[in-house]
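> My questions are about this predicted structure, shown below with the sequence.
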Amino acid sequence: MEHLYQARIVYSPGVAPINDGALVSHDGRLVAVGARSALRKDYPAARITDFGDAIILPPLVNAHTHLELTLFPEWVRLFNEKGTSPTFVDWMLRMVRVKRQIAHEAFAPAVATGLRASLQSGVGAIGDILSSFWARSAYLDTPMLGRVFFEILGRDPARNHQLLSSVTALLDAHYGALLPALSPHAPYTISAEFLANVMTLATEKKLPLAIHLAESSAEVEFLQTATGPLIDKFYPFVGWRDTMPIATGKTPLTWLTSCGQLSSRTLLIHAVQVTAADIQAIAAARASVVLCPRSNHRLHVGKAPAGAMHRAGIRLALGTDSLASNDSLSIWDELAFARTWFNGELDPPALLAMATINGAMALGLDGELGRLAAGWGSHFQVLRPAALPRLSEVEDFLTAPGRDAEVKALYLHGCNQLTEQGSISR
Ligand SMILES: [Zn+2]
């Protein structure tokens, strides 16, 4: 049976908002989106849910996060990990120290907590990095869409071969509504040979591949001259003194492309330290860039050239990164911060596309989630603000702070996943 959902405003990225809009859903797919009056005529037998003075729009997409670290702030307190992290490398060391002290059993509850928090803030799809593979059971009963990126790192050839086989064995399953994908961690934690193998595997399996790339100046120094704090502090700390890298003279992006080809299934996470030539190469390869502005701000790594990348036609998406470098898993919060942080370089329509359709496309969800249109999955959220904006100001309103608290419903696969109070109903 058809179900018609109506609200004062219906918004989908890239098209004009609809006043007194509605959508019709049947068997978990959208069959029509348009003016309420017309759709009620066309579907006279449909069951009606009227959200009243509300905005219906697509769920948000958190294209880069690490839900296994959702309890990180508690772990830091638990292990009395005092002090601040003045540099990116200090922060890395602190994270490794904390993770090493955590019992294996603690990671699945962290993922589950992160999934719940994400749904509550209107996120319907994630690109989630998982390094604790044993915690993958945490995804089994979630309605969340997107990808589980199995994280791969290593510089020891003997161990790498074994790791690649165990990851390959994980790639043919579904994880709840999530699909598998691959994430070589970063240029300073994986050897060029191993990265080349992982990139080949991703190509063979037609899987998305996400890599933290060009995040800090320490990473640039590491690749170009094989010097700096990653060599002096990080390598001795993790016991990699025997696999010291050589100077390549390459930027992170040119180093990556020397290991394998980029494609529309490649997600470059951060891309703060990129040159004009790097930007052209990313655009030509049709790779996606996932910006994590609050994390970059917290770790003092600089500001990505978002305006230049947008103008070059690169598909930009948005991620929160983990709670080890951010205050919340809310993409509403990230959007509002990004608008200020990029200071006019990205306008509200571009920011909203990043937070919805662009993230969905980067995760391979084109045609499923990220737009409200006939034929797409029946995935949408409902915001009920204290006062609705004018139709001409909807995009401005949606990128302003405070939207997170206004999420009243999140429909995934045609079913509301939140109760009226905004908590989880399953
Ligand atoms: Zn990350």
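It's in.
> Looks like residue 306 contacts residue 342 (just checking).
Yes - the criterion here is CB atoms under 8 Å, and residue 306 meets it with residue 342 at 4.9 Å. The C-beta positions use only the backbone N, C-alpha and C, and glycine is treated the same way.
> which residues of the stretch 251-400 of the chain fall in strands?
266-270, 288-291, 315-318, 380-383 (DSSP state E, counting those that start in this stretch).
> Which one, of the ones you listed, ends up nearest to residue 233?
Within the strands of the stretch 251-400 of the chain, the stretch nearest residue 233 is strand 266-270; the backing value is 20.1 Å (CB to CB).
> Output the contacting helices and strands for the closest one.
Judged by 3 or more CB pairs under 8 Å, 6 or more residues apart in numbering; DSSP states H and E, strand 266-270 is in contact with strand 60-65, strand 209-213, strand 288-291.
> Could you break the chain into its assigned domains?
3-58+371-416, 60-362 (automatic domain parsing).
> tell me how far the first one is from the chain's mean position?
Read it as domain 3-58+371-416. Its chain's C-alpha centre and that of domain 3-58+371-416 lie 23 Å apart, by CA atoms, centre = their mean, to the nearest Å.
> Kindly report the same for stretch 180-197.
With CA atoms, centre = their mean, you get 19 Å for stretch 180-197.
> So for residue 306 and residue 342, which sits in the more crowded spot?
Using other CB atoms under 10 Å as the criterion, residue 306 and residue 342 rank with residue 306 on top: 24 against 20.
> out of the domains of the chain, deepest packed?
Among the domains of the chain, ranked by average contacts under mean count of other CB atoms under 10 Å, first place goes to domain 60-362 (a mean of 20).
> got the contact list for the helix or strand where residue 9 lies?
Take DSSP states H and E as the rule and residue 9 turns out to sit in strand 3-10. Contacts with strand 3-10, where a contact means CB atoms under 8 Å, 6 or more residues apart in numbering, come from 17-26, 33, 36, 39-40, 43, 46-57, 372, 380, 382, 388, 391, 394, 411, 414.
> ok, now stretch 248-259?
By CB under 8 Å, 6+ apart, stretch 248-259 touches 187, 192, 195-196, 199, 211, 213-214, 219-220, 223-226, 262, 268, 271, 273-275, 278, 281-282, 285.
> One more: stretch 25-35?
With contact meaning CB under 8 Å, 6+ apart, stretch 25-35 is reached by 1-5, 10, 12, 18-24, 39, 42-43, 372-378, 411, 413-414.
> Residue 244 and residue 232 touch, don't they?
No - counting by CB under 8 Å, residue 232 is not a contact partner of residue 244; they are 11.0 Å apart.
> hmm, back to that, what about the contacts of strand 3-10, which are in strands?
With strands taken from DSSP state E, the overlap with these comprises 18-26, 33, 47-50, 55-57, 380, 382, 411.
> Excluding chain neighbours, what is closest to residue 271?
Distances taken as CB to CB, 6 or more residues apart in numbering put residue 289 closest to residue 271, at 4.5 Å, once the chain neighbours are dropped.
> What score does that neighbour have for pLDDT?
pLDDT, residue 289: 98.
> List the contacts of it.
Residue 289 touches 267, 268, 271, 282, 304, 309, 314, 315, 316, 317, counting by CB under 8 Å, 6+ apart.
> 10 Å - rerun?
When contacts are counted by CB atoms under 10 Å, 6 or more residues apart in numbering, residue 289 touches 63, 213-214, 266-271, 274, 279, 282-283, 304-306, 309-310, 314-317, 354, 358, 362.
> how about the helices in the stretch 101-250 of the chain?
With helices called from DSSP state H, counting those that start in this stretch, the stretch 101-250 of the chain shows them at 107-120, 157-168, 192-205, 217-225, 229, 235-238.
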